[in-house]
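Undergrad: Starting from these lines, generate the structure:
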Amino acid sequence: MLKDQYPQILVTGTDSELPSSFKNDYRRYSDFSTLSGGGNGVLRSCFDRALNRWVAIKTLLPKNAKDPIERKRLIREARVTAQLQHPNTVPVYEIGSNLYGELYFTMKRIDGKNLFEIIRDRSAPKETSEGNTLSLDRILGTLVQASNALHYAHTHGVIHRDVKPENILVGSYGEVYLMDWGVAFVKGMDHDPDQDDLDDEILFERLTMTGKRPGTPLYMSPEQVSGDSVDERTDVFSMGVVLYEALTTSEPFRGANVQETFHNIRNLDPGPPSARTNKRVPAELDRICERALAKDPAERYQTATDFVADIRRFRDRALTAT
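TA: Residues are numbered from 1 along each chain as shown. This is a model prediction of the structure:
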């Protein structure tokens, strides 16, 4: 077995500036089209004329292209993603800057749907569903694969901190990727500027903006919203929220605004998923959600593999019963 080249991912290896002698050739990319946008970045598809393949390219929004903090975050995301060489993380091909000095990185382009779209399709009436929806068993399998990527990251000193359905991508051939490591916490950080954003008006808008799907605040752990230190159990909590939503098609802690949502995350017992849906939810999945969503990190699953083990046991028993 080959030795792991990244036994620990350290901030010294993710946040440093690109070397002054660094060279790249942005001119090799053409035929750009937008895939998605949000936050401070834009993801586009483009054609790599050197290797004759389509890739995805991520850049900052023009208004943030010169911001030193946003530039550092983009470099960190590219390097963390590149160093997490796991089957359920996306391969990174190149990092560089264009003719205007704006940073970018390229990675594998994945055709498919994110888990939020899949959950939405499952909840839609059959006559309006887009089809190709996943069964509950396959959704559980998707969460197992995404959680495996989490555990791999945790053992390498990285906490994702933004686990949500939009960041779990299921490809056209069933492949699963845990995406968007832009706000990851890396071992060795002595200050976390991302935590300073919790009370920002922008965060409020992300939760309440008309016509927009709320994101990050709905999946935060109690320690995140309280500004306390985080570890791998924070990601376990967020994955528990994703499981709850997959079972009920509703977020367990949603409030009328960000303040009420944060209050709910700290204090509200959302009850078992089976009480929030007219679909049958096995008692064992109720128990898995309850443990993953414990307010006290000491009462949660202590690792992502513990969470995965219980889901696998449930799936094995369900298959045996069938």
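Undergrad: can you map out the strands along the protein?
TA: 29-38, 41-48, 53-60, 92-97, 103-108, 112-114, 158-159, 168-171, 176-178, 185-186 (DSSP state E).
Undergrad: Let's have those in TSV, adding mean pLDDT and distance to residue 74.
TA: Every residue, glycine included, has its C-beta placed from N, CA and C. Formatted as TSV, the strands of the chain follow (pLDDT from 0 to 100; distance: least, Cβ to Cβ, whole Å):
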stretch	mean pLDDT	distance to residue 74
strand 29-38	86	14
strand 41-48	94	7
strand 53-60	96	6
strand 92-97	94	9
strand 103-108	96	5
strand 112-114	93	21
strand 158-159	96	16
strand 168-171	96	19
strand 176-178	97	18
strand 185-186	92	14
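Undergrad: Tabulate the ones you listed (CSV), appending mean neighbour count.
TA: Shown next, in CSV, are the strands of the chain (neighbours: other Cβ atoms under 10 Å):
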stretch, mean neighbour count
strand 29-38, 12
strand 41-48, 18
strand 53-60, 18
strand 92-97, 18
strand 103-108, 21
strand 112-114, 18
strand 158-159, 24
strand 168-171, 22
strand 176-178, 24
strand 185-186, 22
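Undergrad: Show me the one of those strands that comes nearest residue 139.
TA: strand 168-171 (9.1 Å; Cβ to Cβ).
Undergrad: in its sheet, what does that closest one sit against?
TA: Using DSSP bridges, strand 168-171 pairs in its sheet with strand 112-114 (antiparallel), strand 176-178 (antiparallel).
Undergrad: chain center to the first one, what's the gap?
TA: Distance of strand 112-114 from its chain centroid, counting by Cα atoms, centre = their mean, to the nearest Å, is 13 Å.
Undergrad: and what of the last one?
TA: For strand 176-178, the distance from its own C-alpha centre to the chain's C-alpha centre is 9 Å (Cα atoms, centre = their mean).
Undergrad: Ok, stretch 240-253 next?
TA: Taking mean C-alpha positions (Cα atoms, centre = their mean), stretch 240-253 and its chain are 15 Å apart.
Undergrad: now swap in stretch 9-23 and tell me
TA: With Cα atoms, centre = their mean as the basis, the mean position of stretch 9-23 lies at 23 Å from the chain mean.
Undergrad: about what we covered before: would JSON lines of the strands paired with strand 168-171 with distance to residue 155 be doable?
TA: JSON lines is the format used below for those (distance: least, Cβ to Cβ, whole Å):
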{"stretch": "strand 112-114", "distance to residue 155": "25"}
{"stretch": "strand 176-178", "distance to residue 155": "14"}
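Undergrad: Figure out which of these is closest to residue 187.
TA: Per Cβ to Cβ, nearest to residue 187 of the strands paired with strand 168-171: strand 176-178, 18.4 Å.
Undergrad: contacts for the closest one?
TA: 88-90, 110, 142, 145-146, 149-150, 160, 163, 167-171 (Cβ atoms under 8 Å, 6 or more residues apart in numbering).
Undergrad: between these, which is closest to residue 218?
TA: residue 163 (11.1 Å).
Undergrad: Give me the neighbour count for the closest one.
TA: 29 (other Cβ atoms under 10 Å).
Undergrad: Give me the nearest residue to it, chain neighbours excluded.
TA: residue 238 (3.7 Å; Cβ to Cβ, 6 or more residues apart in numbering).
Undergrad: show me what contacts that neighbour?
TA: With Cβ under 8 Å, 6+ apart, residue 238 has these contacts: 160, 161, 162, 163, 164, 219, 220, 221.
Undergrad: and the gap between it and residue 44?
TA: 27 Å (Cβ to Cβ, to the nearest Å).
Undergrad: before we move on, what about residue 117?
TA: 19 Å.
Undergrad: The residue nearest to residue 13 when sequence neighbours are not counted: what's it in contact with?
TA: With Cβ to Cβ, 6+ apart as the criterion, residue 13 has its nearest non-adjacent residue at 6.7 Å, and that residue is residue 79. Counting by Cβ under 8 Å, 6+ apart, residue 79 makes contact with 13, 14, 95.
Undergrad: about what we covered before: any idea how far residue 292 is from the residue nearest to residue 163?
TA: With Cβ to Cβ as the criterion, residue 238 and residue 292 are 9 Å apart.
Undergrad: Ok, residue 13 next?
TA: 31 Å.
Undergrad: cool, and residue 18?
TA: For residue 18, the distance to residue 292 - Cβ to Cβ - is 39 Å.
Undergrad: Below-threshold pLDDT in the stretch 151-300 of the chain: ranges please.
TA: Counting by pLDDT under 70, the stretch 151-300 of the chain shows low-confidence ranges at 190-215.
Undergrad: Distance check, the closest residue to residue 105 other than its chain neighbours against residue 234.
TA: Nearest residue to residue 105 in three dimensions, chain neighbours excluded: residue 78, at 3.8 Å (Cβ to Cβ, 6+ apart). Noted for residue 78: a distance of 23 Å to residue 234, by Cβ to Cβ.
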